[in-house]
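Enquirer: Fold the following and give me the result.
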Amino acid sequence: MSLIPSFFGRRSSNVFDPFSLDVWDPFQDFPLSNNFPSSARETTAVASARIDWKETPEAHLFKVDVPGLKKEEVKVEVEDGGILQISGERSKEQEEKNDKWHRIERSSGKFCRRFRLPENAKLEQVKAAMENGVLTVTVPKEEVKKPEVKAIDISG
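Expert: Reported below is the predicted structural model:
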């Protein structure tokens with residue numbers, strides 16, 4: 001739960017989270033945003049895909065809500081420097097000439113979320129699975145080796 005209230009009707013930005021690379025869009029919910037090109041509106045519509053990040057003793061787990069998307073429409077990448085990128089695109093529904101829309105609430109367009117992974121992440125062993133509209137990305141952690149303590153005999 002965020003300690004910073006949302007003044008724009010959506011979850012607050014992660015500006016204070018050193019692991020998040022999200023960029024806050026000050027015009028995302030601006031009333032005049034209809035003046036922007038449709039491609040810009042579509043991009044910001046899905047840009048804030050909801051993600052939960054949980055750390056367990058064995059791994060970092062990312063759960064991403066991507067309802068209606070197939071696994072082929074979602075991409076998970078690990079960049080140099082330990083950056084996890086989760087992106088995808090939801091296609092816009094085809095309009096027929098005789099269709100009359102009463103309401104459009106489902107968003108379409110691209111989304112991209114980036115996270116800086118901690119030093120203990122095993123980048124070569126990242127796994128992803130999708131089930132029931134939820135993408136789960138598992139990033140195993142290296143074991144923290146406890147320092148070896150050697151007792152020294154005291155002579156004399």
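
Enquirer: Leu123 touches Glu79, doesn't it?
Expert: No - Leu123 is beyond contact range of Glu79, at 9.3 Å (criterion: Cβ atoms under 8 Å). All C-beta atoms are positioned from the backbone trio N, CA, C, and that covers glycine.

Enquirer: More neighbours: which of those two?
Expert: Taking other Cβ atoms under 10 Å, Leu123 and Glu79 do not tie; Leu123 has more neighbours (15 against 12).

Enquirer: Look up the closest residue to that one, ignoring the ones flanking it.
Expert: Val78 (5.1 Å; Cβ to Cβ, 6 or more residues apart in numbering).

Enquirer: mind checking how far that neighbour is from Gln125?
Expert: Distance, Val78 to Gln125, by Cβ to Cβ, to the nearest Å: 10 Å.

Enquirer: what residues does stretch 136-143 touch?
Expert: 55, 57-64, 76, 84, 86, 117-118, 120-123, 125-130 (Cβ atoms under 8 Å, 6 or more residues apart in numbering).
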